[in-house]
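>>> I'd like to go over a predicted model; first the sequence, then the structure.
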Amino acid sequence: MERARARAADVPAQCAAARVPEQPGARHADRPARGEHTHAEPDDTCPAPDELTLGESTLLAPERAVPAPVEGAAPAPAEQGIPAPRRTVQRTSVRGQILDALRAALVGGELTPGEVYSAPALGDRFGVSATPVREAMQQLALEGAVEVVPNRGFRVTRRSARELGELAEVRALIEVPVMLRLARTVPAERWARLRPLAEATVTAAARADLARYAEADRAFHGALLALSDNRQLVQIADDLHRRSQWPLETGPVTGRRADLVADAAEHTALLEALIARDLPVVQSLVREHFAGGDA
């Protein structure tokens with residue numbers, strides 16, 4: 001009888017153990033001994049699994065919250081002097097990873113402008129449920145990359161030449177004056193620290209890796225503007241930059257490689273001019289860079 005009561009009291013702990021992946025480096029006091037059953041059979045006493053859990057594996061999922069300690073259990077790792085591992089909310093992490101994956105697919109041309117994509121279909125593609133896909137797509141809709149199509153999904157936005165030109169003009173109005181001001185005040189050694197970022201754009205361009213180039217390009221421009229010590233400026237400029245990057249026109253990647261290589265070369269030349277404090281060259285390169293449309 002006492003054994004039956006103990007087993008009944010341990011059901012919540014078994015349910016939690018079945019759903020909370022072990023944290024790296026942590027020792028669980030309620031870990032079953034070798035050879036014992038480690039997965040509780042589902043029944044009415046266990047809550048339904050999280051919608052982001054697919055089958056027996058949780059794809060793209062980080063750690064989950066640890067349940068409250070069971071009365072009488074051994075002290076938690078933190079109580080034993082061992083720092084508890086940092087844990088994050090699962091849905092936030094999955095949504096962020098799906099958002100990054102969708103952004104890469106948009107920039108890389110894997111999602112075609114004008115086409116409608118459903119959240120369940122994209123969820124199957126990435127191995128997650130439709131929920132984090134919908135959340136990520138809502139963010140992309142706010143950024144102007146997709147449009148919501150009721151009862152169907154999300155349509156990838158088509159960018160006209162006029163829209164891209166307008167975005168480039170607004171970016172130039174914001175970034176060019178800031179860059180010219182920074183060119184007069186920022187020491188050469190601070191510009192020199194940005195060489196790896198410029199080189200990253202060159203590498204991605206040489207490989208014609210559109211998604212990686214887009215990230216490296218924004219990282220380089222963001223680092224330049226960050227020297228202004230104006231976070232609002234950096235955030236607004238990055239949003240405009242991202243909007244101007246996608247969706248890119250479809251077509252052979254080799255057709256865009258030459259444009260990317262030329263754009264990356266301007267990054268390197270601009271950085272060297274900033275280091276040398278050659279203001280006329282800086283002004284010329286900055287204006288030409290934005291006039292090219294792929295800045």
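Perfect, I can see it now.
>>> Show me where the stretch 151-295 of the chain has its helices.
Ranges of helices in the stretch 151-295 of the chain, per DSSP state H, counting those that start in this stretch, are 161-185, 188-192, 195-206, 210-226, 231-245, 253-276, 279-291.
>>> Would you mind finding the most buried of those helices?
helix 210-226 (a mean of 21; mean count of other C-beta atoms under 10 Å). Where you see a C-beta, it was placed from the backbone N, CA and C, and this is true even at glycine.
>>> rewinding a little: let me have the helices of the stretch 151-295 of the chain in a markdown table, adding mean pLDDT and distance to residue 113 as columns.
Listed next are the helices of the stretch 151-295 of the chain as a markdown table, based on pLDDT from 0 to 100; distance: least, C-beta to C-beta, whole Å:
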| stretch | mean pLDDT | distance to residue 113 |
| --- | --- | --- |
| helix 161-185 | 91 | 12 |
| helix 188-192 | 96 | 37 |
| helix 195-206 | 95 | 22 |
| helix 210-226 | 93 | 14 |
| helix 231-245 | 91 | 13 |
| helix 253-276 | 87 | 15 |
| helix 279-291 | 88 | 23 |
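>>> Save these as CSV, and put in distance to residue 110 too.
Below are the helices of the stretch 151-295 of the chain laid out as CSV (distance: least, C-beta to C-beta, whole Å):
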stretch, distance to residue 110
helix 161-185, 20
helix 188-192, 35
helix 195-206, 17
helix 210-226, 9
helix 231-245, 14
helix 253-276, 12
helix 279-291, 27
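>>> Return stretch 279-295 as CSV; C-alpha atoms alone will do.
In CSV, the C-alpha atoms belonging to stretch 279-295 read as follows (Å, rounded to 0.1, in the frame of the first residue of the first chain):
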residue,chain,number,x,y,z
LEU,A,279,37.4,62.8,-46.5
PRO,A,280,36.9,63.4,-50.3
VAL,A,281,37.2,59.7,-51.0
VAL,A,282,34.9,58.8,-48.1
GLN,A,283,32.3,61.2,-49.4
SER,A,284,32.5,59.8,-53.0
LEU,A,285,32.4,56.2,-51.9
VAL,A,286,29.5,56.6,-49.5
ARG,A,287,27.4,58.3,-52.1
GLU,A,288,28.3,55.8,-54.8
HIS,A,289,27.6,52.9,-52.5
PHE,A,290,24.0,54.0,-51.9
ALA,A,291,23.5,55.0,-55.5
GLY,A,292,24.3,51.4,-56.5
GLY,A,293,21.0,50.1,-54.8
ASP,A,294,22.6,47.1,-53.1
ALA,A,295,24.3,48.9,-50.3
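>>> which residues are in contact with that stretch?
Applying C-beta atoms under 8 Å, 6 or more residues apart in numbering, the contact partners of stretch 279-295 are 164-165, 168, 171-172, 175-176, 179-180, 183-184, 217, 221, 244, 259-260, 262-263, 266, 269-270, 273-274.
>>> If you count neighbours, what's buried in the helix or strand where residue 93 lies?
Using DSSP states H and E, the element containing residue 93 is helix 90-107. For helix 90-107, the neighbour count (16 or more other C-beta atoms under 10 Å) marks 90, 93-99, 101-107 as buried.
>>> likewise stretch 138-157?
Buried-residue list, stretch 138-157, by 16+ other C-beta under 10 Å: 139, 140, 145, 146, 153, 154, 155, 156, 157.
>>> rewinding a little: after the helix holding residue 93, heading C-terminal, what element do we hit next?
Next element after helix 90-107 (DSSP H and E): strand 116-117.
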